[in-house]
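Chemist: just coords:
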DNA sequence: TTTTGAGTTGTTCGA
DNA sequence: GTCGAACAACTCAAA
């Protein structure tokens, strides 16, 4: 048997079902196809860098036998099948609409060629189609989805698999270089990212080990404070499958359970919920899940949006977050909520614009989590935050960054502002190299509340 | 079919 | 300074 193994979002050697089961074939061809034809959403700039490094890491694990190709997955697969007399194609089971479309097309094609298409779930702890309410319809609220649909599911997440069997690679001539994929770009940003992240499968495991050893038992409370560094920071590794969620899940099952561990697991549950929602309601990629929000008139001010993107709103905790994003490709979880709430509720800018900016800048930009979380903040999604929940940037900054360490790390120009006024520096009466607030918080809050409450009519 | 209780992360106001 | 209520009603999930 000669098998083609197609990597996509799970760029790892260990616990990778398509590689593991594919390795039982007598000959294998391993390939990554960078497909910008069959997608509605090209990968963002920060993710591109992460992808590049991940592919390098995977290629190394595969003794330099990963074939890098660019173009239409269907056509390329067809060519490879013919050229290398392939009998089986191993592919990651698709859960997103555009991946399902590719899968269906490929399946049709392969049937004609009498080639087997074999798919394994590499991405999720629980398959979205397997979870439903008693009346067979999909959940729309997180808690029952997670408690009943996941934790009480008779099927537990798969146990992690070991490494593949000894791989007998099909030799290829004139193997294209990874640089032909054009992922690296020449953006100076990429060099910055390199200084913040170690990107490889080994690094992912180190991050998990360190999390369990030094952070996990302080997670529930510590996760809210950007300076305490109690978050796992595993998200970009999970996004590109440098580590499997199954591996994480079962490593956590091995240790003593408490509220912290349970809380972390529920965060993995939120990722599942996001994929679940996109699976059952594919339109929410672009459209409000709650239709009544289609009537909402976003203001979408270009200048305010620009100020938000560049971290120049005049609200320190918001600007620190946006500058952290631009500097490191990441934002701490709590600060993400603060900046997102500020964009949507205070600046009255469409969540889709925020989603796009995050998509471009986050190294962990995830097809499902990004959209679902933006809809949650905006109040347009499933089980969404109520419309009157508007984060107050001064309050949030003072509460969760009481010493200002996080704020000052990204806004050193505020270092002389008294700590009590750090989150409202305009009251310090100092001549600062820092913008005045672009809006009045109190006014914008009231405006937002009245605008949102109009929707009820 | 009807009923009941609950729903990630907040803020403000007034006692 | 602390605390509870109001913010708004609706939809969801399950009994």
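Modeler: Arrived safely, thanks for sending. Given the structure is predicted, the values throughout are model-derived calculations rather than measurements. Numbers count the residues shown, from 1 in each chain, chains lettered A, B, ... in the order given.

Chemist: could you tell me which residues of chain A lie near DNA strand C?
Modeler: Where chain A comes near DNA strand C, counting by CB under 7 Å from any atom of the strand, the residues are A:133-134, A:137, A:139-141, A:144-145, A:148, A:386-388, A:449, A:453, A:456. Bear in mind the C-beta positions are built from the backbone N, C-alpha and C, glycine included.

Chemist: give me that answer again for 10 Å
Modeler: With the criterion set to CB under 10 Å from any atom of the strand, chain A comes near DNA strand C through A:132-135, A:137-145, A:147-149, A:152, A:289-290, A:292, A:379, A:382-390, A:449-450, A:452-453, A:456-457.

Chemist: what sits against the residue lying closest to residue A:320 once chain neighbours are set aside?
Modeler: Residue nearest to residue A:320 in three dimensions, not counting chain neighbours: residue A:410, with 4.1 Å by CB to CB, 6 or more residues apart in numbering. Listed by CB atoms under 8 Å, 6 or more residues apart in numbering, the contact set of residue A:410 reads A:311, A:319, A:320, A:321, A:323, A:324, A:327.

Chemist: can you tell me which of the residues you listed is closest to residue A:342?
Modeler: The nearest member of these to residue A:342, counting by CB to CB, is residue A:321 at 8.9 Å.

Chemist: residues near the nearest residue to that closest one once chain neighbours are set aside, how many?
Modeler: Residue nearest to residue A:321 in three dimensions, not counting chain neighbours: residue A:335, with 3.9 Å by CB to CB, 6+ apart. Other residues within reach of residue A:335, judged by other CB atoms under 10 Å, total 25.

Chemist: same deal with the one 3 residues further on?
Modeler: Residues near residue A:338, counting by other CB under 10 Å, number 26.

Chemist: try residue A:228
Modeler: Taking other CB under 10 Å as the neighbour definition, residue A:228 ends up with a count of 16.

Chemist: find the closest residue to DNA strand C in the stretch 151-300 of chain A.
Modeler: residue A:290 (8.0 Å; CB to the nearest atom of the strand).

Chemist: just checking, that residue touches residue A:383?
Modeler: No. The pair residue A:290 / residue A:383 is not scored as a contact, 10.7 Å apart, by CB atoms under 8 Å.

Chemist: who touches both of those two?
Modeler: Common contacts of residue A:290 and residue A:383 (CB under 8 Å, 6+ apart): none found.

Chemist: name the residues of the stretch 151-300 of chain A found near DNA strand B, please.
Modeler: That would be A:220, A:223, A:224, A:263, A:266, A:267, A:269, A:270, A:271, A:273, A:274, which are the residues of the stretch 151-300 of chain A within reach of DNA strand B (CB under 10 Å from any atom of the strand).

Chemist: mind putting these in TSV, pLDDT, secondary structure and neighbour count included?
Modeler: TSV is the format used below for those (pLDDT from 0 to 100; DSSP: H, G, I helix; E, B strand; the rest coil; neighbours: other CB atoms under 10 Å):
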residue	pLDDT	secondary structure	neighbour count
A:220	93	helix	16
A:223	95	coil	21
A:224	95	coil	16
A:263	95	helix	15
A:266	96	helix	17
A:267	96	helix	16
A:269	96	helix	23
A:270	96	helix	15
A:271	97	helix	21
A:273	96	helix	28
A:274	96	helix	24
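
Chemist: out of the residues you listed, flag the one nearest to DNA strand B.
Modeler: Out of those, the member with the shortest distance to DNA strand B (by CB to the nearest atom of the strand) is residue A:270, at 4.1 Å.

Chemist: which residue comes closest to the closest one once chain neighbours are left out?
Modeler: Distances taken as CB to CB, 6+ apart place residue A:142 nearest to residue A:270, at 6.9 Å, with adjacent residues excluded.

Chemist: neighbours of the one you found, how many?
Modeler: 20.

Chemist: quickly note the distance from it to residue A:385.
Modeler: For residue A:142, the distance to residue A:385 (CB to CB, to the nearest Å) stands at 12 Å.

Chemist: what comes up buried for the helix or strand containing residue A:212?
Modeler: Residue A:212 is located in helix A:201-214, with elements delineated by DSSP states H and E. Using 16 or more other CB atoms under 10 Å as the burial criterion, the residues of helix A:201-214 that qualify are A:201, A:203, A:204, A:205, A:207, A:208, A:211, A:212.

Chemist: can you pull the poorly scored residue ranges out of the stretch 201-350 of chain A?
Modeler: For the stretch 201-350 of chain A, no stretch is flagged by pLDDT under 70.

Chemist: ok, which stretches of it are helices?
Modeler: A:201-214, A:219-222, A:235-239, A:245-254, A:259-280, A:302-310, A:316-328, A:333-341 (DSSP state H, counting those that start in this stretch).

Chemist: out of the ones you listed, which comes closest to residue A:187?
Modeler: Comparing the helices of the stretch 201-350 of chain A against residue A:187 with CB to CB, the closest turns out to be helix A:316-328 (11.6 Å).
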